[in-house]
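>>> compute the structure for the input listed below.
(2 chains)
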Amino acid sequence: MSVQEPEPSTDGRVVLDARDISRALTRISHEILERNRDAEDLVLLGLHTRGVPLAKRIAARIEAAEGHPVAHGALDVTMYRDDLRTHPTRAPHHTEIPPGGIDGKTVVLVDDVLFSGRTVRAALDALADYGRPAVVRLAVLVDRGHRQLPIRADHVGKNLPTARSERVGLRLEETDGIDEVRIVELEGVPA
Amino acid sequence: MTRHLLSIDDVSAEEIQQLFTTAAEMHDVQKREVKKLPALRGRTVINLFFEDSTRTRSSFEIAGKWLSADVINLSAKGSSASKGESLRDTVLTVTAMGVDGLVMRHSASGAAHQVAGWLDIPVINAGDGMHEHPTQALLDGYTLQRQLGGPGSLEGKRIAIVGDLTHSRVFRSNVKSLGKLGASVIAVAPPTLMPSGIAEWAKADGFATSYTLDDVLPEVDAVMMLRVQRERMSGGYFPTSREYTVGYGLTRQRLALLREGVPILHPGPMNRGLEISPEAADAASSRILDQVSAGVAIRMSVLYHLLAGEESA
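Below you'll find the model as predicted:
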């Protein structure tokens, strides 16, 4: 019926370790704060799967810096994907919109790796069904290029130029037991 | 998962939990301002009902529409079936219009199964005669599981299913589904409304039977009352409806036999005053309206899993 997402690979070379990831998240957190003077109207929404723990971590950093909590939640875009028809059915994840909603708020979408941009497009569609934010921004830990849609990130932890024949494998403590980003060479894919 | 949903036999315990998890997400959609998901955009679903239904049909219709499918309702009354067209011709004609899924109710047991063999699109059984009604059993299990504490909470729970078991497809589907969820079912009915051969069946499927509702009620964790199906009876099953109520109705007096907070279910439509008293139907522990809202969520989940993905054999 439904398929599990593939496990991130443990092959290839490590390009970001736990300290690099931590520094990148700290920088993103400060950038987000600089763009939004007070964190009051801010809503961080992590995209499933690994954007969700990242949004939590950024929220914790902003809270530590500002002294008050920042609204955060999770957004599932399964139903809004443009490739539903071409894959076996995937079970949706839980969407958690913070109690204050997103109307008139500054929503920062948080994802792990920005690649084709199709997940973000789906997220923008999903968001519109939950309300009308004043501003939507995008924060990603890794931007690996190869966009297929006119979408860019506002906050990037690390730009990783990659070939199409490579895969970026991101693992996080919360989901995989370790913080690291690897680049893996895939066989049989033209560069 | 399965290509068709004709019977609870088509889904494993694990797949039932997967359907429930998806249904819980669908349930949240009912609370949203925009009650619409784009998952089935561009797909067409036909509800083909050869038998009367209000809640199942409207529930499937809402479920399809909230998933952005185009939903067409056809009932046998006023269709060419009443002009003498055969079942096979009717479904082939209807699906030749370019339909992606068929939801079907028919008074003949096994009708959906037979139709599934003629078509290459998913078929969902919305009730076939006295055989099965799988989405009803799924929504019952989903409602109970939510009520009793989430996944795994039905394990070892005792659930009474009371009433007209002979004619009940809801009973047949529920025995299988609740069994897969780990609950133990106690089937309660007067001897005339116990399906013939139920003793062997109960032994094979691991459920208990009883003729005495008063003995069963104090020890169950949930009670499901079934409708007395007058339209399927040619009489003789019980002397008078009053007598049925005295023996097997969930009356105000019997409510006191239930432990506090034990959920009361009924698949509807209810015969108030016959199998269920107004006091029971409207009790704080009655989950009958929750069943209706769960029905939409479960049917969204089923339509999504059967129709959204790539065609898989």
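>>> for the longest helix anywhere in chain A, name the packing helices and strands.
Under DSSP state H, the helix in chain A containing the largest number of residues is helix A:18-35. Judged by 3 or more Cβ pairs under 8 Å, 6 or more residues apart in numbering or on different chains; DSSP states H and E, the packing partners of helix A:18-35 are helix A:51-66, strand A:135-143, strand A:155-159, strand A:180-185. Glycine gets a C-beta too; all of them are placed from N, C-alpha and C.
>>> what are the buried residues along that helix?
With burial defined by 16 or more other Cβ atoms under 10 Å in any protein chain shown, the residues of helix A:18-35 counted as buried are A:Asp20, A:Ile21, A:Ala24, A:Leu25, A:Thr26, A:Ile28, A:Ser29, A:Glu31, A:Ile32, A:Leu33.
>>> contact partners for residue 74?
Going with chain A. A:Leu45, A:Gly46, A:Leu47, A:His48, A:Gly51, A:Val52, A:Ala55, A:His93, A:His94, A:Thr95, A:Glu96 (Cβ atoms under 8 Å, 6 or more residues apart in numbering or on different chains).
>>> switch to chain B, please.
B:Ile46, B:Asn47, B:Leu48, B:Phe49, B:Val94.
>>> correct me, but the last one touches B:Ile46?
Yes - contact status for B:Val94 versus B:Ile46: in contact at 5.7 Å, counting by Cβ atoms under 8 Å.
>>> with neighbour numbers in mind, choose between those two.
B:Ile46 (22 against 18; other Cβ atoms under 10 Å in any protein chain shown).
>>> thinking again about what came up before, out of the contacts of B:Leu74, who's near chain A?
Among these, no residue is within reach of chain A (Cβ under 8 Å from any Cβ of the partner chain).
>>> so which of those residues comes closest to chain A?
B:Ile46 (19.6 Å; Cβ to the nearest Cβ).
>>> three-state assignment of that closest one?
strand (DSSP: H, G, I helix; E, B strand; the rest coil).
>>> wait, is B:Gly63 part of a helix?
No, residue B:63 isn't Gly; it's Ala. Yes - the assignment for B:Ala63 (three-state DSSP) places it in a helix.
>>> in chain A, which residue is most central in space?
Central residue check for chain A by Cα atoms, centre = their mean: the C-alpha nearest the mean position is that of A:Asp111, 0.4 Å away.
>>> now that residue, which residues is it bridged with?
Beta-bridge pairing of A:Asp111 under DSSP bridges involves A:Val140.
>>> what pLDDT does the model give it?
Listed pLDDT for A:Asp111 reads 97.
>>> tell me the pLDDT of A:Pro8.
The model's pLDDT for A:Pro8 equals 67.
>>> okay, the helix or strand encompassing A:Arg121 in PDB with CA atoms only?
Assigning secondary structure by DSSP states H and E places A:Arg121 in helix A:118-130. Output of helix A:118-130 as PDB, limited to C-alpha atoms (Å, rounded to 0.1, in the frame of the first residue of the first chain):
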ATOM      1  CA  ARG A 118       8.800  20.600  -5.900                       C
ATOM      2  CA  THR A 119       8.300  20.000  -2.200                       C
ATOM      3  CA  VAL A 120       8.200  23.700  -1.600                       C
ATOM      4  CA  ARG A 121       5.700  24.300  -4.300                       C
ATOM      5  CA  ALA A 122       3.500  21.600  -2.700                       C
ATOM      6  CA  ALA A 123       4.000  23.300   0.700                       C
ATOM      7  CA  LEU A 124       2.900  26.700  -0.700                       C
ATOM      8  CA  ASP A 125      -0.300  25.000  -2.000                       C
ATOM      9  CA  ALA A 126      -0.900  23.300   1.300                       C
ATOM     10  CA  LEU A 127      -0.300  26.500   3.300                       C
ATOM     11  CA  ALA A 128      -3.000  28.300   1.300                       C
ATOM     12  CA  ASP A 129      -5.600  25.700   2.600                       C
ATOM     13  CA  TYR A 130      -4.700  26.600   6.200                       C
END
